[in-house]
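Novice: my questions concern the predicted model and sequence given below.
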Amino acid sequence: MTNTRQTQSKWIPAAIAMLLFALLLSACGGSPAAPAAGGSSTSNASSSAGALDAIKQRGKLIVGVKYDTFLFGFKNPASGQVEGFDIDVAKAIAKKILGDESKLELKEVTSKTRIPMLQNGEIDAIIATMTITDERKQQVDFTEVYFKAGQSLLVKKGNPVQSIADLKKGTKVLGAKGSTSVQNIRQKAPEATVLEFDNYQDAFAALKSGQGDALTTDNAILYGMAKQDPNFQVVGGTFTDEPYGIAVKKGNAELQKLINDLLKEMQQNGEYDKLYEKWIGEKPTK
């Protein structure tokens, strides 16, 4: 009798444990687990496909723009408003989607923060003098080129640096963190010292204070700086092609197509040329 009771005392807890295990399998069984393996991509594709609807339901378009890039995205200290070519393009997109250009929220981005902000859903698109590169195409989807630029140098008038050939050992070149221009200058002028700053206004302030010999980025941005301070000039022509694109989240084909269609429409009806002349001061080259 004692052996029987001992045996029962051993198998009863085991049976209970097996029953609990079976219930657990039933609740979290193999059939739900199978979709979970591909569930992430399905969910992401669904959210990307519905991004345009989400913007409409929200009632505003959220765009990442620069606040420090004169002529493209610059916060005017007098008015407190962010102005520029990129801002007007963002307004045109908001009007296309929501029927009202004022239904637009601008969020400041830098070359370093713009892609992470897009990927984590803080913004719907990036319009921020962003050069289309193969590396960036792995992280975001680009529209067609909306502005053609090329990298150049900004120097104080009278500075002996007049072209990229003058960037020898001992010269200091200033740039923005995360920008393609910094990568390019390291390749094309490997002997020069490159100093990186959080944004272009900081880099320009450093150039003004004599911390470097030249500032490098796209010529369109540098012309804006030269307009701000006539003591500086753009030199050396362009030594790269920098096609700007508008970036949307990977897989967001619907928004990408809408923007591409709008850009084509603006070029056909002359609206693009008007914006270009308004900010750059001349007609775009065809």
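Specialist: Yep, that arrived.

Novice: and the strands in the stretch 151-286 of the chain?
Specialist: For the stretch 151-286 of the chain, the strands defined by DSSP state E, counting those that start in this stretch cover 151-156, 172-176, 193-197, 214-218, 232-235, 242-244, 247-249.

Novice: I123: which of the ones you listed is closest?
Specialist: Taking Cβ to Cβ, strand 247-249 is the member of the strands of the stretch 151-286 of the chain nearest to I123, at 9.1 Å. Placement of C-beta: from N, CA and C, glycine included.

Novice: direction included, what does that closest one pair against?
Specialist: As defined by DSSP bridges, the strand partners of strand 247-249 come to strand 125-126 (antiparallel), strand 140-142 (antiparallel).

Novice: is it possible to get CSV of the ones you listed that adds mean neighbour count?
Specialist: CSV is the format used below for the strands paired with strand 247-249 (neighbours: other Cβ atoms under 10 Å):
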stretch, mean neighbour count
strand 125-126, 26
strand 140-142, 21
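
Novice: all strands for the stretch 1-150 of the chain, in order.
Specialist: 61-65, 68-69, 73-75, 82-83, 104-108, 125-126, 140-142, 147-149.

Novice: out of the ones you listed, deepest packed?
Specialist: For the strands of the stretch 1-150 of the chain, the largest average neighbour count (mean count of other Cβ atoms under 10 Å) is found in strand 125-126, namely a mean of 26.

Novice: what's next to it, contact-wise?
Specialist: In this structure, residues lying in contact with strand 125-126 by Cβ atoms under 8 Å, 6 or more residues apart in numbering are 61, 63-64, 90, 93, 109, 114-115, 117-118, 140, 246-248, 255, 259.

Novice: residues touching G175, list them.
Specialist: S181, V182, I185, V194, L195, E196, F197, A203, L215, T216, T217.

Novice: hang on, the earlier thing: can you list the strands of the stretch 1-150 of the chain in a markdown table and add mean pLDDT?
Specialist: Shown next, in a markdown table, are the strands of the stretch 1-150 of the chain (pLDDT from 0 to 100):
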| stretch | mean pLDDT |
| --- | --- |
| strand 61-65 | 98 |
| strand 68-69 | 90 |
| strand 73-75 | 95 |
| strand 82-83 | 97 |
| strand 104-108 | 98 |
| strand 125-126 | 98 |
| strand 140-142 | 98 |
| strand 147-149 | 92 |
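
Novice: avg pLDDT for stretch 167-185?
Specialist: Mean per-residue pLDDT for stretch 167-185: 93.

Novice: among the contacts of G175, who's most crowded?
Specialist: Most neighbours among the contacts of G175, by other Cβ atoms under 10 Å: T216, with 32 neighbours.
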